[in-house]
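In: coords please:
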Amino acid sequence: MSPARRKDVFADIKTAAVIAAHPDDEILWAGGAILTHPQIDWTVMTLCRKSDPDRAPKFFKIMNILSAKGFMADLDDGPDQKPLEQAEVKAVILSTLGEGNFDIILTHSPKGEYTRHLRHEETSQAVLSLWNEGKLKACRILLFAYEDGGGKYPPRPIENADIVIELTKNVWQRKKDIIIDSYGFSPESFESKAVSKIETFRLLEKPEDIKNSLTGVKEK
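Out: Predicted structure coming up:
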């Protein structure tokens with residue numbers, strides 16, 4: 001096991017941001033990290049669903065549960081999933097968060113967490129591009145590290161992640177309760193089945209690491 005897998009990457013963190021495509025992504029892929037580290041000043045941004053009369057109010061109630069600052073944007077999230085211009089996605093992030101100045105940012109993998117959601121991929125690309133350009137400031141980036149075998153099974157943690165967080169039973173149950181009770185997903189839903197007891201991430205400490213984040217995903 002590598003040193004990166006052993007260390008608590010959140011140990012010296014004071015400020016952290018989760019930049020996700022949708023309200024619920026922050027819980028599905030990083031809810032355990034947020035719940036396990038309440039001492040951190042958390043900011044959560046979703047790029048879609050600000051005008052969603054169901055999901056948006058739930059998101060802000062959950063931010064209160066997490067004691068986190070929440071922000072939402074309203075990029076198109078229609079069923080057709082027409083590609084968005086990267087300039088538009090980047091502009092929305094900057095107009096919402098500014099340049100930020102976080103110790104760490106958590107966001108989607110460039111390949112997403114399952115097969116396939118274009119908005120997840122676009123969010124990752126925009127965050128990494130802004131970080132590489134120095135327009136979004138953070139000492140480290142954590143990429144959600146999950147895979148679904150090309151759609152063969154629900155998303156699960158990848159085997160060779162840099163950061164592995166094993167959730168306590170209590171934290172895992174709180175994470176699941178938020179998905180089912182607060183967001184209102186059925187216990188048999190895709191979202192509920194994706195709530196893992198283990199959260200995994202790829203760690204980027206400098207922009208040169210971005211290329212490495214695109215390789216090495218090993219499916220179980």
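In: looking at it, A68 is touching M45, isn't it?
Out: No - between A68 and M45 no contact is recorded; they are 10.3 Å apart, counting by Cβ atoms under 8 Å. Every residue, glycine included, has its C-beta placed from N, CA and C.
In: which one of the two has more residues nearby?
Out: When A68 is set against M45 and neighbours are counted by other Cβ atoms under 10 Å, the residue ahead is M45, at 23 against 19.
In: pLDDT wise, what is that one at?
Out: For M45, the model assigns a pLDDT of 98.
In: Same question for E219.
Out: E219 is assigned 39 on the pLDDT scale.
In: Please identify the buried residues of the longest helix seen in the chain?
Out: When every helix of the chain is counted residue by residue (DSSP state H), the longest turns out to be helix 118-132. Neighbour-count burial for helix 118-132, counted by 16 or more other Cβ atoms under 10 Å, picks out 119-131.
In: Which of the residues you listed lies at the shortest distance from S51?
Out: For S51, the nearest member of the buried residues of helix 118-132 is R119. The distance, counting by Cβ to Cβ, is 15.2 Å.
In: surely the closest one meets H22?
Out: Yes - in terms of Cβ under 8 Å, R119 counts as a neighbour of H22; the distance is 7.1 Å.
In: that older thread, can I get the buried residues of helix 118-132 in TSV including distance to R55?
Out: Formatted as TSV, the buried residues of helix 118-132 follow (distance: Cβ to Cβ, whole Å):
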residue	distance to R55
R119	14
H120	16
E121	20
E122	19
T123	16
S124	21
Q125	23
A126	21
V127	21
L128	26
S129	27
L130	25
W131	27
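In: from these, which is closest to V164?
Out: Once Cβ to Cβ is applied, the member of these that ends up nearest V164 is S124, at 19.9 Å.
In: Can you pull up the most central residue in the chain?
Out: Computing the C-alpha centroid of the chain and ranking residues by Cα atoms, centre = their mean puts T107 first, at 4.0 Å.
In: and that one, bridged to which residues?
Out: Residues found in beta-bridge contact with T107 (criterion: DSSP bridges) are I19, L143.
In: For it, give its distance to M45.
Out: T107 sits 10 Å away from M45 when distances are taken as Cβ to Cβ, to the nearest Å.
In: hey, what's in contact with both of those two?
Out: Residues within reach of T107 and of M45 at once, by Cβ atoms under 8 Å, 6 or more residues apart in numbering, are V18, I19, A20.
In: Closest one of those to I40?
Out: V18 (10.7 Å).
In: neighbours of that closest one, just the number please.
Out: V18 has 27 neighbouring residues, counting by other Cβ under 10 Å.
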